[in-house]
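Chemist: Need a 3D model of the following:
(one chain, ligands or ions: 2)
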Amino acid sequence: MTGRLFIIAGCSGVGKGTILKMFLEKNPDVKFSISATTRNPREGEKDGVNYFFISEDEFQKAIENKEFLEWAEFSGNFYGTKKSFVEKTLAKGIDLILEIEVQGAKQVKEKMPDAVSIFIMPPSIEELEKRLRGRHTEDEATIQKRLKQVERELEASKTFDYIIVNDNLEKALTQFQNIYDERKE
Ligand code: ADP
Ligand code: 5GP
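Modeler: Residues are numbered from 1 along each chain as shown. Ligands and ions are numbered 1, 2, ... in the order given. Model (predicted):
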């Protein structure tokens, strides 16, 4: 039996990474797909752990070689999911999570309709902005660029299978766990 693919998306700063980290600690059999990106690493981020940090040239070559299941440009950088890793992992019967933005989520859903898509919603735009700033990982220009995506992302959330409002973290994590338990292979 093949594994189940889960797609998690949501606005920058909503808490996707936080929820996923906690979920993966509790569910060690589930794998996380490490994306390739052209953005610079944040302090503490490691190549091959958080992302594969690659150059634009390398990214373009990977597109030409059809190495990506999906890819997108987000806020001035490229991000993509390696097809081979996804296929191998699912073929082994392992459940896999992609944490990607909404354009990529659409591409994956079109190619793999059995994938379960979950959108993490902020309790309010004010709270989202507060979290994004409170993280202290982006400069003001980058924060503004990311906030500009919010309207488009909220519109795209309508196409997702599930929506979780990340107001209380524990509650959001429980909802995520319940969806996983219901839909896992
Ligand atoms: P994302 O991965 O979606 O960009 P992060 O997981 O980095 O977002 O979270 C952004 C910030 O918001 C972090 O500082 C995190 O600790 C905080 N955060 C996440 N969930 C909550 C929550 N439910 N309530 C308050 N703060 C939260
Ligand atoms: P960040 O720079 O904050 O790590 O990520 C920015 C956005 O890119 C987030 O919405 C994140 O989910 C998304 N992202 C990360 N990896 C991928 C990927 O492989 N493909 C796509 N389409 N988006 C990704």
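Chemist: mind listing the strands for the chain?
Modeler: With DSSP state E as the criterion, the chain has strands at 5-10, 31-32, 36-37, 52-53, 68-74, 77-82, 96-99, 116-121, 162-165.
Chemist: Dump the ones you listed to JSON lines, plus mean neighbour count and distance to ligand 1.
Modeler: C-beta coordinates here come from the backbone N, C-alpha and C atoms, glycine included. Output for these, formatted as JSON lines (neighbours: other CB atoms under 10 Å; distance: least, CB to the nearest ligand atom, whole Å):
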{"stretch": "strand 5-10", "mean neighbour count": "25", "distance to ligand 1": "6"}
{"stretch": "strand 31-32", "mean neighbour count": "17", "distance to ligand 1": "12"}
{"stretch": "strand 36-37", "mean neighbour count": "20", "distance to ligand 1": "13"}
{"stretch": "strand 52-53", "mean neighbour count": "16", "distance to ligand 1": "17"}
{"stretch": "strand 68-74", "mean neighbour count": "20", "distance to ligand 1": "11"}
{"stretch": "strand 77-82", "mean neighbour count": "21", "distance to ligand 1": "13"}
{"stretch": "strand 96-99", "mean neighbour count": "22", "distance to ligand 1": "7"}
{"stretch": "strand 116-121", "mean neighbour count": "23", "distance to ligand 1": "7"}
{"stretch": "strand 162-165", "mean neighbour count": "17", "distance to ligand 1": "9"}
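Chemist: now the lengthiest helix in the chain, how far from the centre of its chain.
Modeler: Across the chain, the longest stretch assigned as helix under DSSP state H is helix 169-183. Taking CA atoms, centre = their mean, to the nearest Å, one finds the center of helix 169-183 at 16 Å from the center of the full chain.
Chemist: Stretch 139-150 too?
Modeler: Centroid separation for stretch 139-150 versus its chain: 17 Å, with CA atoms, centre = their mean.
Chemist: do it and ligand 1 meet?
Modeler: No. Shown here: stretch 139-150 not in contact with ligand 1 (CB under 6 Å from any ligand atom), separated by at least 8.6 Å.
Chemist: For that stretch, give me every contacting residue.
Modeler: Residues outside stretch 139-150 that contact it (CB atoms under 8 Å, 6 or more residues apart in numbering) are 11-13, 74-76, 101, 125, 128-129, 132-133, 138.
Chemist: can you put those in CSV and add pLDDT?
Modeler: Converted to CSV, the contacts of stretch 139-150 look like this (pLDDT from 0 to 100):
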residue, pLDDT
11, 98
12, 97
13, 97
74, 97
75, 93
76, 94
101, 98
125, 97
128, 98
129, 97
132, 96
133, 96
138, 92
